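K.L.:
Give me a model of this one.
(one chain, ligands or ions: 1)
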Amino acid sequence: MENSREFPEKTRGLAVTPPMGWNSWNTFGTHISDALIREMADVMAEKGYRDAGYEYLVIDDCWSLRKRGADGRLVPDPEKFPQGMKAVADYVHSRGLKFGMYSCAGVMTCGGYPSSYGHEFVDAQTFAAWGVDYLKYDFCNFPAGADCKTAYITMSMALKATGRPILFSACNWGQQEPWLWMRSVGAHMYRSTGDIQDNFVSFRDIFRSQLKHFAMNGNYCFNDMDMLTVGMYGSGNVALGEKCTDTEYRTQFALWAYFGVPLMLGADLRNMSPFCRELTQNRALIRINQDAECRPPYQVYQGRPQYGSTDWWTIPEDSALAFVRHLSGGEFAIGLFNLSDADGQITFPFANAGLPYACGYGLEMKDVFTGEDLGVQRDYLTPEVKARDCRLYLARISRL
Ligand code: GAL
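P.N.:
Take a look at the predicted model:
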């Protein structure tokens with residue numbers, strides 16, 4: 001075809017499955033540098049993260065000088081990044097990773113650095129020239145009277161205008177219901193909430209606030225519940241409130257992985273505890289997160305209304321949550337989450353999950369964390385799930 005030059009062959013595009021990577025903000029805040037980013041790239045490449053799927057290494061806020069250069073362009077702080085950003089990008093690429101940077105839709109970033117309102121096209125060109133593959137685009141200091149959607153569409157267009165495939169990570173904190181429009185304006189992920197803090201209540205409430213929005217989370221545009229705090233143990237930039245236990249980190253990672261949202265790590269990967277390193281590289285969890293079909297889970301009602309009884313569960317219903325997620329290839333992932341502060345049982349009635357008692361089928365199940373084969377189960381499960389803990393199973397339909 002004549003016009004095949006203008007309309008190149010179909011590509012798979014960016015963010016086919018949830019983006020995975022690491023971002024500097026949660027642990028380092030303003031304390032970022034060329035040396036730190038190179039070390040993190042080394043750790044991602046050498047300690048299994050890259051091979052587990054963590055692809056993007058993203059520098060967040062506070063990387064530039066406080067003023068644009070004479071040519072109107074953003075300038076990397078020469079004390080933090082003495083060799084400039086292209087050198088950092090080249091190094092990140094040399095380790096088999098992709099490179100992400102940060103700007104903001106307002107007139108200044110949250111940290112008070114120049115940002116892209118009114119400079120979208122020149123800034124996108126600058127990022128592209130440095131070899132940037134991912135742009136996080138924040139929402140601080142947004143001019144009164146300006147239109148949020150227009151600002152995000154403009155940067156989306158500016159990125160497209162560079163001709164470089166750059167993943168657009170929109171971060172307007174859930175303002176104006178981004179799940180309803182970010183997909184249409186070309187974003188590949190959108191922050192749906194305010195900032196995470198490194199404690200249980202923070203990530204539990206972020207998750208709960210998005211329960212009704214996962215239907216809109218899917219291939220090419222994902223609901224970003226913020227960078228994970230797994231492994232921070234109360235140190236770093238967002239370390240507020242009560243420190244998390246390993247159980248709580250496991251629940252955080254399981255929620256993010258199971259619900260198919262981006263997995264952007266935020267801890268210092270150079271000093272990750274063995275538990276959290278293994279958790280964040282858990283192949284079964286990552287496989288669920290990255291499932292090709294990107295279907296949202298459906299919630300399974302805990303009660304057994306057909307038996308006229310609702311006293312089957314021992315934990316309040318918004319805290320004891322049971323879900324089924326359809327995976328590709330005929331598999332299912334079953335998730336039971338106890339978000340309460342009390343140990344209890346979570347009931348999973350097969351009938352409410354779509355397998356009535358008399359249908360002749362059960363589920364062959366395997367515990368994702370222990371690897372234990374549960375054999376073929378039917379009718380219901382009622383496992384004990386400790387406070388703030390969870391159970392995940394992989395399952396296949398099996399004839400009884
Ligand atoms: C916030 C954003 C954080 C981080 C921070 C940087 O608005 O939600 O993820 O980017 O700005 O100042």
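
K.L.:
use CA for all of it now, contacts and neighbours both
P.N.:
Will do.

K.L.:
avg pLDDT for stretch 12-32?
P.N.:
For stretch 12-32, mean pLDDT is 97.

K.L.:
I'd like the distance from it to the chain centre, please.
P.N.:
On the basis of Cα atoms, centre = their mean, to the nearest Å, stretch 12-32 sits 8 Å off its chain's mean C-alpha point.

K.L.:
Let's see that stretch as PDB, backbone CA atoms only.
P.N.:
C-alpha atoms of stretch 12-32 as PDB (Å, rounded to 0.1, in the frame of the first residue of the first chain):
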ATOM      1  CA  ARG A  12       1.800  -4.200  20.100                       C
ATOM      2  CA  GLY A  13       2.100  -0.800  21.700                       C
ATOM      3  CA  LEU A  14       3.200   0.200  25.200                       C
ATOM      4  CA  ALA A  15       1.700  -1.100  28.400                       C
ATOM      5  CA  VAL A  16       0.100  -4.200  26.900                       C
ATOM      6  CA  THR A  17       0.200  -5.600  30.500                       C
ATOM      7  CA  PRO A  18       0.700  -3.600  33.700                       C
ATOM      8  CA  PRO A  19       4.000  -1.600  33.700                       C
ATOM      9  CA  MET A  20       6.600  -2.800  36.100                       C
ATOM     10  CA  GLY A  21       9.600  -1.000  37.400                       C
ATOM     11  CA  TRP A  22      11.100   1.100  40.200                       C
ATOM     12  CA  ASN A  23      10.700   4.800  41.100                       C
ATOM     13  CA  SER A  24      12.900   6.900  43.200                       C
ATOM     14  CA  TRP A  25      10.300   8.900  45.200                       C
ATOM     15  CA  ASN A  26       9.200   6.600  48.000                       C
ATOM     16  CA  THR A  27      12.600   6.000  49.400                       C
ATOM     17  CA  PHE A  28      14.800   8.800  48.200                       C
ATOM     18  CA  GLY A  29      12.600  11.900  47.600                       C
ATOM     19  CA  THR A  30      15.000  14.700  46.700                       C
ATOM     20  CA  HIS A  31      18.200  12.700  47.400                       C
ATOM     21  CA  ILE A  32      18.700  11.400  43.900                       C
END
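
K.L.:
Number of residues surrounding the closest residue to residue 222 other than its chain neighbours?
P.N.:
Among residues not flanking residue 222 along the chain, residue 189 sits closest, at 4.4 Å (Cα to Cα, 6 or more residues apart in numbering). The number of residues packed near residue 189 is 30, by other Cα atoms under 10 Å.

K.L.:
Contact partners for residue 189?
P.N.:
Counting by Cα atoms under 8 Å, 6 or more residues apart in numbering, residue 189 makes contact with 168, 169, 170, 182, 183, 220, 221, 222, 223, 224, 262.

K.L.:
Quick check, pLDDT for the closest residue to the ligand within the stretch 301-400 of the chain.
P.N.:
Closest to the ligand within the stretch 301-400 of the chain is residue 339: 24.1 Å, counting by Cα to the nearest ligand atom. Turning to residue 339, the model gives it a pLDDT of 94.

K.L.:
pretty sure it contacts residue 389?
P.N.:
Yes: using Cα atoms under 8 Å, residue 339 is in contact with residue 389, at 7.0 Å.

K.L.:
Name the residue in these two with the higher neighbour count.
P.N.:
For residue 339 versus residue 389, neighbours defined as other Cα under 10 Å are more numerous around residue 339 (27 against 23).

K.L.:
And the more buried one, its phi and psi?
P.N.:
Main-chain torsions, residue 339, degrees, to the nearest 10: phi -90, psi 10.

K.L.:
Which residue comes closest to the residue of the stretch 251-400 of the chain found nearest the ligand once chain neighbours are left out?
P.N.:
Closest residue of the stretch 251-400 of the chain to the ligand, Cα to the nearest ligand atom: residue 266 (10.2 Å). Excluding its sequence neighbours, the residue lying closest to residue 266 (Cα to Cα, 6+ apart) is residue 26, at 5.0 Å.

K.L.:
Give the buried residues for the helix or strand residue 37 falls within.
P.N.:
For residue 37, the host element (DSSP states H and E) is helix 34-46. By neighbour count on 16 or more other Cα atoms under 10 Å, the buried set for helix 34-46 is 34, 36, 37, 38, 40, 41, 42, 43, 44, 45.

K.L.:
what's around the residue nearest to residue 266, how many residues?
P.N.:
Per other Cα under 10 Å, the neighbour tally for residue 26 reads 26.

K.L.:
these two touch, right, it and residue 229?
P.N.:
Yes: counting by Cα under 8 Å, residue 26 touches residue 229, with 7.1 Å between them.

K.L.:
Spell out which helix or strand contains whichever residue of the stretch 151-300 of the chain sits closest to the ligand, please.
P.N.:
Nearest residue of the stretch 151-300 of the chain to the ligand: residue 195, at 5.0 Å (Cα to the nearest ligand atom). Taking DSSP H and E as the definition, one finds residue 195 inside no helix or strand.

K.L.:
ok, and the closest non-adjacent residue to it?
P.N.:
Leaving aside its sequence neighbours, residue 195 sits nearest to residue 226 (Cα to Cα, 6+ apart; 6.8 Å).

K.L.:
and the residue lying closest to residue 83 once chain neighbours are set aside, how far is that from the ligand?
P.N.:
Excluding its sequence neighbours, the residue lying closest to residue 83 (Cα to Cα, 6+ apart) is residue 34, at 7.8 Å. Going from residue 34 to the ligand by Cα to the nearest ligand atom, to the nearest Å gives 18 Å.

K.L.:
and what of residue 25?
P.N.:
Going from residue 25 to the ligand by Cα to the nearest ligand atom gives 6 Å.

K.L.:
Against which helices or strands is the longest strand along the chain packed?
P.N.:
As assigned by DSSP state E, the longest strand anywhere in the chain is strand 390-399. Strand 390-399 is packed against helix 246-258, strand 331-338, strand 361-367, with contacts defined by 3 or more Cα pairs under 8 Å, 6 or more residues apart in numbering; DSSP states H and E.

K.L.:
joint contacts of residue 26 and residue 229?
P.N.:
Residues touching both residue 26 and residue 229 (Cα under 8 Å, 6+ apart) are 266, 267.

K.L.:
Quick check: pLDDT value at residue 90.
P.N.:
pLDDT, residue 90: 98.
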